[in-house]
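Participant: What would the 3D arrangement of this be:
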Amino acid sequence: MKIIRDPIHGNIELNEIELKLADAPEMQRLRHISQNGLCNLVYPAMNSTRFEHSLGVMHLAGKVADHLGLDEERQDLKIAGLLHDIGHCAFSHTSDHLLSRFGFNHEENSSRIILNTGISDILNSYSISPEKISDLVTGKGNLSKIISSEIDVDKMDYLLRDSYYAGVAYGIIDLERIIHTLKLAGGEIIVGSGGLEAAESLLIGRNMMHQTIYRHHTKRIVESMFANAVNSLLNDGKITYDSFLGMDDIDLVYTLRNSGGYAGEMMHRIDTRKLFKRVFAEKINKTLRSFRSEISKNKKEIENKISDDAKIPRGFLLMDMQSSEMSEFKVLVEYDNELKRIDEVSELAKALEKAELERLTFCIYADPKYRDNVKNLDIDDYIQYTQTMLKKFY
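Facilitator: Next up, the predicted model:
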């Protein structure tokens, strides 16, 4: 048994197999992958990594298993918590859309690593099924909801951890009370009777962290510049699919700094804080929302069209369509002897859900010297352009 001291949860215990998995190269790589992408350029102390977050999720998975009396499944759940983020690429969610261009997400990449690397050998040596762990990580089966669902140990850890390192109190949640009120019902993780206020604390924490930390406009600008730079490397063949999957933050930054061209310039701008600015912002109305998927599919085409019309060099104007899955508002709670969604019984949840939609913004970032070039931009013109493209190609 080994004890690791954690600033969020105190002592975290690892048994023999958990320690072997944590020491595996595939897990040690997470020590060099930031938990929050480039958040540290806005909140300088946000330098935590996916490694300590994974330890925290493992720890909480064990606590939830103990509370629910899942003695036989406890070890599998803890291992799934430890390995759930093993497939994250460099800079975590900043790179998520780059994974999507290869046709999968980081959970599916986690499954690939669990099933096809030394991780599988370690699991097999302890008679633990890699396939079962993979299923828990990728959301298959009822117990996977403990790891990833509307109310899960992943969210519980990252809200507490991220708020701690950001130096804010927004993500403080009533962790012990939330865990104490969790129940298994019909294959779902639900909040039991009397736990409504604890679940509301999670909604408040999540909402405040998204508005102030995760959607901070400077963070989104930097991440847009960074992602565009990496995209250009992939498009130019300077890095391959396989090499990208194996990179950590250090590898990717080194590659960008030494790449020259557009990617090198973007990285230099980030290093020296010569950042793009928000030159256009508009709340996402019903029209924009209805064309979100089409705009996302044709993002580069529309960016180029706006750039050409505004006489801005391509690559120096970037679009950002904020989105929210708002899965937490689907949390099931016991209320008046029935199971109901939290946004059906909580006025606070309803208000937060409404505020979430109203705050989503469509933004354009560009080199500040081009600010005047887009001051008369009418986004409706480009929605019409999108419609024309759809008719042309479909």
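
Participant: tell me, how many neighbours does Phe231 end up with?
Facilitator: Not quite, residue 231 is Asn, not Phe. By the other CB atoms under 10 Å criterion, the neighbourhood of Asn231 contains 17 residues. Quick note: C-beta positions are derived from backbone N, CA and C, even for glycine.

Participant: quick one: contacts for it?
Facilitator: If you count contacts by CB atoms under 8 Å, 6 or more residues apart in numbering, Asn231 has them with Leu98.

Participant: Likewise for Leu55?
Facilitator: Ile4, Asp6, Ile12, Leu14, Ala22, Leu82.

Participant: Against Val57, how distant is the second one?
Facilitator: As for Asp6, its distance to Val57 is 11 Å (criterion: CB to CB, to the nearest Å).

Participant: Could you do Ala281 as well?
Facilitator: If you go by CB to CB, the gap between Ala281 and Val57 works out to 35 Å.

Participant: The stretch 1-150 of the chain: helices as residue ranges?
Facilitator: Using DSSP state H, counting those that start in this stretch, the helices of the stretch 1-150 of the chain run over residues 16-23, 25-28, 50-68, 74-83, 96-100, 106-116, 118-125, 130-137.

Participant: and those helices, which is most packed in?
Facilitator: Neighbour counts (mean count of other CB atoms under 10 Å) averaged over each of these peak at helix 74-83, with a mean of 24.

Participant: how far is that one from where the chain is centred?
Facilitator: Averaging C-alpha coordinates over helix 74-83 and over its chain gives two centres that are 20 Å apart (CA atoms, centre = their mean, to the nearest Å).

Participant: and for that helix, what are the contacting residues?
Facilitator: The set of residues external to helix 74-83 that reach it, using CB under 8 Å, 6+ apart, is 17-18, 21-22, 27, 54-55, 57-62, 64-66, 70, 110, 113-114, 119, 123, 128, 132-133, 136-137, 143-144, 146-147, 153-154.

Participant: Just the CA atoms of stretch 199-212, as CSV, please.
Facilitator: Listed in CSV are the C-alpha atoms of stretch 199-212, where the atom choice follows Å, rounded to 0.1, in the frame of the first residue of the first chain:
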residue,chain,number,x,y,z
ALA,A,199,-27.1,18.5,-6.2
GLU,A,200,-27.9,22.2,-6.6
SER,A,201,-24.5,23.0,-5.2
LEU,A,202,-22.9,21.0,-8.0
LEU,A,203,-25.0,22.9,-10.6
ILE,A,204,-24.0,26.2,-9.1
GLY,A,205,-20.3,25.3,-9.0
ARG,A,206,-20.3,23.9,-12.5
ASN,A,207,-22.2,27.0,-13.8
MET,A,208,-19.8,29.5,-12.1
MET,A,209,-16.7,27.6,-13.2
HIS,A,210,-17.8,27.6,-16.8
GLN,A,211,-18.7,31.3,-16.9
THR,A,212,-15.6,32.6,-15.1
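
Participant: Please save the CA atoms from stretch 221-230 in CSV.
Facilitator: The C-alpha atoms that make up stretch 221-230 are tabulated as CSV, following Å, rounded to 0.1, in the frame of the first residue of the first chain:
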residue,chain,number,x,y,z
ILE,A,221,-8.7,33.1,-27.7
VAL,A,222,-5.4,31.4,-26.8
GLU,A,223,-6.8,28.0,-27.3
SER,A,224,-8.3,29.0,-30.7
MET,A,225,-4.9,30.2,-31.8
PHE,A,226,-3.1,27.1,-30.5
ALA,A,227,-5.6,24.7,-32.0
ASN,A,228,-5.4,26.4,-35.4
ALA,A,229,-1.6,26.2,-35.2
VAL,A,230,-1.7,22.5,-34.5
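
Participant: quick one on the thing from earlier: rebuild the helices of the stretch 1-150 of the chain as TSV, extending it with distance to Leu159.
Facilitator: Putting the helices of the stretch 1-150 of the chain into TSV (distance: least, CB to CB, whole Å) gives the following:
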stretch	distance to Leu159
helix 16-23	23
helix 25-28	23
helix 50-68	11
helix 74-83	15
helix 96-100	19
helix 106-116	19
helix 118-125	27
helix 130-137	20
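
Participant: possible to save those helices as CSV with distance to Asp381 and mean pLDDT?
Facilitator: Supplementary listing: the helices of the stretch 1-150 of the chain in CSV, determined by distance: least, CB to CB, whole Å; pLDDT from 0 to 100:
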stretch, distance to Asp381, mean pLDDT
helix 16-23, 53, 99
helix 25-28, 48, 98
helix 50-68, 41, 98
helix 74-83, 47, 98
helix 96-100, 25, 81
helix 106-116, 36, 94
helix 118-125, 51, 98
helix 130-137, 44, 98
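
Participant: Quick one: closest of those helices to Glu353.
Facilitator: With distances scored as CB to CB, the stretch of those nearest to Glu353 is helix 96-100 (23.6 Å).

Participant: Going by contacts, tell me the helices and strands next to that closest one.
Facilitator: In terms of contact count using 3 or more CB pairs under 8 Å, 6 or more residues apart in numbering; DSSP states H and E, helix 96-100 is assigned the packing partners helix 106-116, helix 217-235.

Participant: List the contacts of it.
Facilitator: For helix 96-100, the surrounding residues in contact (CB under 8 Å, 6+ apart) are Cys89, Asn105, His106, Asn109, Ala227, Val230, Asn231, Leu234, Phe244.

Participant: Now with 7 Å, please.
Facilitator: Contacts to helix 96-100, defined as CB atoms under 7 Å, 6 or more residues apart in numbering, come from residues Cys89, Asn105, His106, Asn109, Ala227, Val230, Asn231.
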